[in-house]
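Chemist: Give the three-dimensional model of this entry:
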Amino acid sequence: MNIFILASTILLASFIGMAVKSSKRKHKEEEQRFWARERAANSVRRKSLDSLNYIKIPLDKLPMDILSEDSRVAEYQSIIQTLATQPVVNLTGFSNTDLKLEYGTANITPLTEYDQNYTVLVRTLQQWADVLCEAEYVYEARILMEFAVSTGTDISRTYYKLADIYASRGEFSQIEDLIIKAEALRTMNKKTIVRTLRESYQ
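Modeler: Modelled structure (predicted):
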């Protein structure tokens, strides 16, 4: 075998071996940090949840009288009305460990419920808005989606549909505001949302 090829093969094998060892070491360190945080989180005592940013659903400002005869809309309105009586908190981007460290292990069940309520809220708002858009109640759909954005939703369709509405009305400053709000999200979706909005409405 050519000496140059042999040397190159040895160097490549050494490089791969070092890369694998480095990757394993980093993974092990990350795992150790995770379990250290988890142990610390499990020892945190219950704390008050009064400081949470509870979302109030403004039923009086939502289009509750539009298309209420439609079975889908009636279902969405019923869900929203039920959620208005329950604690709703956007905890997107926070892990269970984060929540336990901040509020105590004993609070993880109610916090999970609050976050699940939020997920149902923003999904239902978008589904409701889609039906209204189909029926050409664009203004009313806009109200729903703007409320969703104000709560920090990371549903990309909400941002894209709103941007389309703003663009159709020449309200490009509203799209800039939308981008700013998207940039503040605590989710992996935000990069895609921001990039898509910027590329579509430069």
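Chemist: what's around residue 200, how many residues?
Modeler: 12 (other Cβ atoms under 10 Å). (C-beta placed from N, C-alpha, C; glycine too.)
Chemist: Please apply the same query to residue 201.
Modeler: Residue 201 has 15 neighbouring residues, counting by other Cβ under 10 Å.
Chemist: before we move on, which element is residue 122 in?
Modeler: Following DSSP states H and E, one finds residue 122 within helix 108-134.
Chemist: and that helix, which residues are buried?
Modeler: Under the neighbour-count criterion of 16 or more other Cβ atoms under 10 Å, helix 108-134 has 108, 111, 114-115, 117-118, 120-133 buried.
Chemist: what does stretch 96-110 give?
Modeler: 97, 99, 100, 101, 103, 104, 105, 107, 108.
Chemist: closest to residue 149 among those residues?
Modeler: Nearest to residue 149 out of the buried residues of stretch 96-110 is residue 99 (Cβ to Cβ; 23.7 Å).
Chemist: I figured that closest one hits residue 113, correct?
Modeler: No - under the criterion of Cβ atoms under 8 Å, residue 99 makes no contact with residue 113, lying 11.9 Å away.
Chemist: tell me the contacts of the nearest residue to residue 94 once chain neighbours are set aside?
Modeler: Spatial nearest neighbour of residue 94, chain neighbours left out: residue 186 (7.4 Å); criterion: Cβ to Cβ, 6 or more residues apart in numbering. Residues near residue 186 by Cβ atoms under 8 Å, 6 or more residues apart in numbering: 92, 93, 94, 152.
Chemist: which of those residues count as buried?
Modeler: Applying 16+ other Cβ under 10 Å to the contacts of residue 186, the neighbour count classes 92, 152 as buried.
Chemist: Tell me the secondary structure of residue 94, please.
Modeler: Here residue 94 is recorded as coil under DSSP: H, G, I helix; E, B strand; the rest coil.
Chemist: Can you pull out the low-pLDDT segments for the chain?
Modeler: Where the chain drops to pLDDT under 70, the residues are 1-8, 11, 13-15, 17-19, 21-44.
Chemist: So which residue is dead centre in it?
Modeler: Centroid-nearest residue in the chain: residue 154, 3.7 Å away (criterion: Cα atoms, centre = their mean).
Chemist: Angles on the backbone of that one, please.
Modeler: The phi and psi values for residue 154, taken as degrees, to the nearest 10, are phi -110, psi 20.
Chemist: Surely it touches residue 185?
Modeler: Yes - if you go by Cβ under 8 Å, residue 154 and residue 185 touch, sitting 5.3 Å apart.
Chemist: ok, now which ones touch the residue lying closest to residue 152 once chain neighbours are set aside?
Modeler: The spatially closest residue to residue 152, leaving aside those adjacent along the chain, is residue 90, at 4.8 Å (Cβ to Cβ, 6+ apart). By Cβ under 8 Å, 6+ apart, the contact set of residue 90 is 53, 55, 115, 118, 151, 152, 153.
Chemist: Turn those into CSV, columns for secondary structure.
Modeler: Converted to CSV, the contacts of residue 90 look like this (three-state DSSP):
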residue, secondary structure
53, coil
55, coil
115, helix
118, helix
151, coil
152, coil
153, coil
